[in-house]
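Asker: Build me a model:
(chains A and B)
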Amino acid sequence: MSQIDFLNITKQYGSDTEVLKDVSFSVDNGEFVFLVGPSGAGKSTLIKVLIREEVPTSGDILFNGESVLQIPQTNISDLRRRIGVVFQDFKLLESKNIFDNVAVALDVVDSDPGVIRNVVPNVLAMVGLSNKMYNYPKQLSGGEKQRVAIARALAHEPDVLVADEPTGMIDPVASEEVVDILEKIHSLGTTVLMATHSQAIVDRLKKRVIRIQDGIVKSDKMGGKYND
Amino acid sequence: MTKIFENIISTIKKEKLLSISNLLAMTVTFIVLGLFIEVIIYSQTALKMLEQQAQITVFFKDDVPEERIMELRAQFQGDGRILDVTYVSKEDAFEIFKEINKDEPVLLESISANILPASLEVKSKNLSSLDELAEEYQVIDGVEEVKYFEDVIERFRYWSSVIYVVGIVTLFTLFVISYSVIIVTLRTTINNKGIELEILKLVGATDRYVKKPLMYQGIFFGGLSALIASLFLILGSVFTRLLGVFGADPDIYLASLKMDSLVFSVLLSVVLLLSGILLGYLGSLTAVKKYLKY
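Answerer: Have a look, this model is predicted:
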């Protein structure tokens, strides 16, 4: 059984803007999948419907066999803890230091302070930011901010890590570092679904590549390249 | 709990003017509510006391024998409208007169018990029957004069009702203002924290986690303003007692409640505090439902 199934997803805004048109594909447990395609192709919308930030106009999304659309509003927070998300614009809390930015992911589910004290340094070590634990986001580079966002997404040990253009706002060197971290996380068994524009990254990693264009799946290749 | 207070303090720092307006509006509301309750309770108990003390005094002509007066007394006592009847003989009236005028010996020397009329003091069960009873007594043979103070009591009752109506309207208006101020304050907080709340939701925060601090914020403002208002009223009660504003014994106004005025103020504070918390809770609930969209 696949871990994620997008089943005939259509998403329409208003009466004439169709962002996704009958999109279907599946992601298996432990896979690393690139979602590529031009801006406005519908990659981010797919991620949003996966975490129920958006509701598709038609179709369904199964996560571990369970319909995401059938999850009651009060349980969406559970889904979002099982799917860690990294955003292009980092979405860090500027008023909190790095430790607290990661801790917030555990704090929101009333985790024990002892657990928070253990987990946060571990995930920050995993992304190489142990030495910046008490810095504030404004004191970090773009690449470092994105690593904090990854650490925060990992705090719950999610089944899937979804990254929406994680290198879109950082320089190429920092992008390489971020992708190396994602690959490391993948090698530890976590499914990674990454939307990107970066041809260099996609071509270097040689993973499964799903191309979305004009709201439909144009191609889906294992070990593919950006332009396949 | 520390985190909740940190959140509230941070909000107050960020929205100083709005927080102060919120606190002031609600404090004024609760002071008015407290004063209103005090005035209502005091005036109602005073009215009850006045009603209980209201009596008709039936004065008899000098030639009416005591037996006849005692007959009438027995007759009055059998009347269902009457609570109590007391006979005041000429001698009793003279004793009362002496007591009242004890500092004026010249006056006392010139008056004897024969000058003063005997009377029956009639207390009715219901204030409204005073008029009717007075009319009936006026025509009894041997009765010289019937006196009662219905006007004073009626005027007191009228003004009590006016205070009651004006108080209710004022209070309702202030409650609406306070309720709106809470909602506006929270709307500003929600708008200012928009991105933060969105991030919290995206990292898996439950609704409860996001809403809790906002709810506590409203409850805090409601509770704190009610507390300030309560302290104000308790201090007011202490000072009026010390300064003797309502005479030597202010507790007389609460006689029918069988309660010390300070104890009454403390109980009133509890009522205000609960009202504050409730108002804060309801205001927060509305604001969170209306404006918290993520």
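
Asker: counting contacts, what elements does the longest helix anywhere in chain A pack onto?
Answerer: Scanning chain A for the helix with the most residues, using DSSP state H, yields helix A:172-187. Other elements packing on helix A:172-187 under the criterion 3 or more CB pairs under 8 Å, 6 or more residues apart in numbering or on different chains; DSSP states H and E are strand A:32-36, helix A:113-126, helix A:142-154, strand A:160-164, strand A:191-196, helix A:199-205. Just so you know, the C-beta spots here come from the backbone N, C-alpha and C atoms, and that holds for glycine as well.

Asker: One more pass at 6 Å, please.
Answerer: Using 3 or more CB pairs under 6 Å, 6 or more residues apart in numbering or on different chains; DSSP states H and E as the contact definition, the elements that helix A:172-187 packs against are helix A:142-154.

Asker: now the helix it packs on against strand A:160-164, angle please.
Answerer: In terms of direction (axes from the mean of the first three to the mean of the last three CA atoms, to 10 degrees), helix A:142-154 departs from strand A:160-164 by 150 degrees.

Asker: what about helix A:142-154, distance to the chain center?
Answerer: Averaging C-alpha positions (CA atoms, centre = their mean, to the nearest Å) puts helix A:142-154 11 Å from its chain's average.

Asker: Stretch B:274-288 too?
Answerer: Per CA atoms, centre = their mean, the centroid offset for stretch B:274-288 relative to its chain is 25 Å.

Asker: Could I get the buried residue list for that stretch?
Answerer: Neighbour counts over stretch B:274-288 (16 or more other CB atoms under 10 Å in any protein chain shown) mark B:275-277, B:279-288 as buried.

Asker: which residues touch it?
Answerer: The contact list for stretch B:274-288, computed with CB atoms under 6 Å, 6 or more residues apart in numbering or on different chains, reads B:179, B:182-183, B:186-187, B:211, B:214-215, B:218-219, B:221-223, B:225-226.

Asker: where along the stretch 1-150 of chain B do the strands fall?
Answerer: Secondary structure of the stretch 1-150 of chain B by DSSP state E, counting those that start in this stretch: the strands cover B:55-60, B:82-88, B:119-124, B:143-147.

Asker: The longest one: which residues count as buried?
Answerer: What that stands for is strand B:82-88. B:82, B:85, B:88.

Asker: any idea how far that strand is from the chain center?
Answerer: Between the mean C-alpha location of strand B:82-88 and the chain-wide mean there is a distance of 30 Å, by CA atoms, centre = their mean.

Asker: which residues touch residue A:204?
Answerer: For residue A:204, the contact set (CB under 6 Å, 6+ apart) is empty.

Asker: Which residue, other than its chain neighbours, is closest to residue A:21?
Answerer: The shortest distance from residue A:21 to any residue other than its chain neighbours is 4.3 Å, reached at residue A:215 (CB to CB, 6 or more residues apart in numbering or on different chains).

Asker: Now do the one you found: how many residues are near it, please.
Answerer: For residue A:215, the tally of surrounding residues (other CB atoms under 10 Å in any protein chain shown) stands at 22.

Asker: Then residue B:216?
Answerer: Using other CB under 10 Å, residue B:216 has 20 other residues around it.
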